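Undergrad: Have a look at this prediction, sequence included:
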Amino acid sequence: MVLLDPSPEIDAGRYAAKAVAGEPFTVDVDAFTDGHDRVACALLWRPVGEDETDWSETSMTALVNDRWRGQFTPA
């Protein structure tokens, strides 16, 4: 699978994007594969800078032309 043009991104992924607790955070990405394979995407996220090591996962929704969107609300 190929992932391109993630949004939001800061300095080509050098830094983590930041979210506000209690407000929805949306992530978009272009995801595709070679051939006719079915594609599904999941958004994995976790707090940064805390002792949290477990990742949370939410499904992403297909938009148009290989664009996918996922959203979560941090605590």
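TA: Perfect, I can see it now. Numbers count the residues shown, from 1 in each chain.
Undergrad: Give the bridge partners for the nearest residue to residue 7 once chain neighbours are set aside, please.
TA: Nearest residue to residue 7, sequence neighbours excluded (CB to CB, 6 or more residues apart in numbering): residue 28, at 4.5 Å. The way it works is simple: take the backbone N, C-alpha and C, and place the C-beta from them, glycine included. Beta-bridge pairing for residue 28 (DSSP bridges): residue 7, residue 69.
Undergrad: what number of residues lie near residue 28?
TA: Neighbour count for residue 28, taken as other CB atoms under 10 Å: 17.
Undergrad: Show me what the worst-scoring helix or strand of the chain on mean pLDDT is packed up against.
TA: Of all helical and strand segments in the chain, the minimum by mean pLDDT, DSSP states H and E falls on strand 2-7, at a mean of 90. Applying 3 or more CB pairs under 8 Å, 6 or more residues apart in numbering; DSSP states H and E, one finds that strand 2-7 contacts strand 25-32.
Undergrad: C-terminal to the strand it packs on, which secondary structure element comes first?
TA: The element immediately downstream of strand 25-32 (helix or strand, assigned by DSSP states H and E) is strand 42-45.
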